[in-house]
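S.K.: Sharing a sequence plus its predicted fold:
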Amino acid sequence: MTRPGRIALALALLPLPPIAQAGITSIRIDRIEPFADRAPFGAAGPYERVAGIARGELDPADPHNAGIVNLDRAPRNARGLVEYETDFYLLRPVDPARANGRIIYEVNNRGRKFLLHWLLDAPAQAAGANNEPRSLEDAGNGLLFRLGYTIAWSGWDPDAPRVNHGMAMDAPVAQRDGKAIVRSIRDELVSGTRAPPVETFRLSYEAASTDTREARLTVRAREAGEPLPLASDKWTFVDGRSIRLLPDGTTPQPGALYELRYPAKDPKVLGIGFAATRDFVSFLRYEALDAAGHGNPLRGAARAVLAVGISQSGRYLRDHIAQGFNQDERNRKVFDGVLAHISGAGKVFLNAEFGQPLRTNTQHEDHTYPENAFPFSAATMSDPVTGARGALLRGDGSDPLLIEVNTSTEYWQKGASLLHTDPLGQHDIGLPKTARVFFIAGTQHGGRAGLKTDRGPCANPRNPHNPAPALRALLMALDEWVTTGRAPPPSRVPTIADRTLVSWDEVRFPGLPGLEIARQGNRIEVLGDWVDPRPDRTKEYRPLVPTIDLDGNETSGIRLPDIAVPLGTYTGWNLYAPPYPEGELCDRDGSYLPFAKTAAERAKIGDGRRSIAERYRSKADYVAQVKAAAKELVAARLLLPEDAQRYEQAAQALDPTLFPAP
């Protein structure tokens, strides 16, 4: 061997410096408990609940983590890595041999589990009981259990409340040169719209000073109104995280927008939430043991992982994909398929210094917070508003198969049309073969089983329509797409080409007696700096809304039997009633107005829609039409056969007196 060769061999045999190993380092299982009193779910048998803590580490130098804001300013351990830990929760078959090898991972919504009562029709429970599913009732119709899925959750938002079994994570606080980061930020504070009325407002971050002279509080009744300053002696800090109005006993005006600008401190590295999801799911599907030799709680290989996100968590998943977190640090895919429901065109205000992921942009509330930014669609296109070019999907091999589902509300409030049109709403665009978009007609944002028609803060009765049967069919189609390659049904959305998608000023409403009518949806604008936003009307996108028929029901998308064979009008919009800001869109609620029973009854109240007696010859005729509509949806793979039977049974159970002889 030559001398250079001997030197090379000697160097090769020298011990190498240790390489930082990041990802999940420790899985701690705190409890394993029976689910549903060990009731068997078909061939999958009984299930059990598993809860614990996953600890992880991130290497700031790894390119997969480069996009995490302030990760380089987080404290590091002796190995130069940033530590975090997150709650996790599993529902798994007791016998691992009976599991189907697939994980359904639901991204929690503000710490809450939605999957069982939003997709499986389990009853909504009070005081966060849905966050700790225990009983057979909590399994709803049991579909995912009967099929042997493992269902998983983990925390991603450090500020999600852990009360009532909520899920969160612990993330480090960023510092600049070893000192606390202090920055003037903006908090929008509202009472009584999305939560019960309050007397004390909770702040997003701790104030660096509780001197009201160093902060500024304004109020306005509606988004477009002029903010009126409140003198520093008209309000006070209760503590570093909350304020209230003065004198004592003064309550906030319902629905009014209070804005506090104040010096805030100690921002957490919120973007770690994306990496925590990535690494926990990657551990479940690829690893057998953690660094300490503790076993993977999945107890077997995962053939595939499907992610489900509802509302905020659907926007989280859109951002997770766009920011490159569907590939782990070893370049392995995290989610094979993603179902994002009621996300509109938005993302989540998470990966930013002083981010506020609880925000959701609507016409009235949170309107000037970051959420809606190009690219909106899975399709690659150019943006005439900003000059950018891009797509939600990255095209780098990490993209999941993607199904996005929205209701009528997302077209009025969340820019959902931008998923399948150009940014200016001038023409339809084709989606890549790996993406689908669906519109569920006649449904409000929070649609699920068991909703009532009470008004709440709204002017109109609220919409009770349940979209879950369509979601179940689409989730099963996504599973087939991932595991067998069978493509799901084609996208089903309103289009510009067939005039089922128009600007909101082109919608022509029929006579709807007693119903307050929406005249304008939520504008999607370029906002600039979120602390001092200045919406630019010369830089607006053009969201469109679905057209309606003579009943006021939408004519396109997935028309479930309640909409295809209606007993009333279902909308995705509603308006606030006094003392709330009258005339503004009532958050993300829809409206419902039943048909009159007879022609004489509708004539008496001036109802322009046909009565029940004029459209159905008898109850048997109604049941037959429901059955036919359900059969058509089953053939299109947009409804499961068991749900078609449920629709027929519900129609049979209606009171016969609802159908007077014509």
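M.R.: The structure has been received and is ready for your questions.
S.K.: Tell me where the protein is predicted with low confidence.
M.R.: The chain contains residues with pLDDT under 70 at 1-21, 126-129, 662.
S.K.: repeat that for 50
M.R.: Counting by pLDDT under 50, the chain contains low-confidence ranges at 1-20.
S.K.: Please enumerate the helices of it.
M.R.: Along the chain, counting by DSSP state H, helices occupy 3-13, 115-119, 143-146, 272-286, 312-322, 408-413, 468-484, 561-564, 599-605, 612-615, 619-635, 641-652.
S.K.: Dump the third one to CSV, keeping only the CA atoms.
M.R.: Presented in CSV, the C-alpha positions along helix 143-146 are these (Å, rounded to 0.1, in the frame of the first residue of the first chain):
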residue,chain,number,x,y,z
LEU,A,143,-66.9,3.4,11.4
LEU,A,144,-63.2,4.0,12.0
PHE,A,145,-63.1,1.5,14.9
ARG,A,146,-64.9,-1.2,13.0
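S.K.: List the buried residues for stretch 611-620?
M.R.: In terms of neighbour count (16 or more other C-beta atoms under 10 Å), stretch 611-620 has its buried residues at 611-613, 615-616, 619. Bear in mind the C-beta positions are built from the backbone N, C-alpha and C, glycine included.
S.K.: brain fart, stretch 133-147
M.R.: Using 16+ other C-beta under 10 Å as the test for burial, stretch 133-147 gives 133, 138-145, 147.
S.K.: Need the winner for burial among the helices of the chain.
M.R.: helix 408-413 (a mean of 30; mean count of other C-beta atoms under 10 Å).
S.K.: ok, residues contacting it?
M.R.: Contacting residues not belonging to helix 408-413 are listed as 342-344, 362-363, 416-417, 439-445, 494, 504, 518, 521-522, 543-546, 554, 570-573, 585, 588-590 [C-beta atoms under 8 Å, 6 or more residues apart in numbering].
S.K.: can I get the CA coordinates of stretch 389-403 in CSV?
M.R.: In CSV, the C-alpha atoms belonging to stretch 389-403 read as follows (Å, rounded to 0.1, in the frame of the first residue of the first chain):
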residue,chain,number,x,y,z
ARG,A,389,-45.6,32.3,-8.5
GLY,A,390,-46.2,29.1,-6.7
ALA,A,391,-48.5,26.4,-5.4
LEU,A,392,-49.6,24.9,-2.1
LEU,A,393,-48.0,21.6,-3.1
ARG,A,394,-44.2,21.7,-3.3
GLY,A,395,-43.5,19.1,-6.0
ASP,A,396,-40.4,17.8,-4.3
GLY,A,397,-41.6,14.3,-3.6
SER,A,398,-42.9,15.1,-0.1
ASP,A,399,-46.4,16.1,-1.1
PRO,A,400,-49.3,14.0,0.3
LEU,A,401,-52.4,13.2,-1.8
LEU,A,402,-54.7,16.0,-0.9
ILE,A,403,-58.5,16.3,-0.5
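S.K.: May I see the buried residues of stretch 611-620 organised as a markdown table, with distance to Leu317 added?
M.R.: What follows is the buried residues of stretch 611-620, written out as a markdown table (distance: C-beta to C-beta, whole Å):
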| residue | distance to Leu317 |
| --- | --- |
| Ser611 | 44 |
| Ile612 | 41 |
| Ala613 | 46 |
| Arg615 | 40 |
| Tyr616 | 41 |
| Lys619 | 43 |
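S.K.: Which one of the residues you listed is nearest to Lys604?
M.R.: Minimum separation from Lys604 among the buried residues of stretch 611-620 (C-beta to C-beta) is found for Ser611, which lies at 10.8 Å.
S.K.: just to revisit the earlier point, could you save the buried residues of stretch 133-147 as a markdown table and add columns showing distance to Ile272?
M.R.: Converted to a markdown table, these look like this (distance: C-beta to C-beta, whole Å):
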| residue | distance to Ile272 |
| --- | --- |
| Pro133 | 27 |
| Asp138 | 31 |
| Ala139 | 33 |
| Gly140 | 33 |
| Asn141 | 36 |
| Gly142 | 35 |
| Leu143 | 33 |
| Leu144 | 29 |
| Phe145 | 32 |
| Leu147 | 33 |
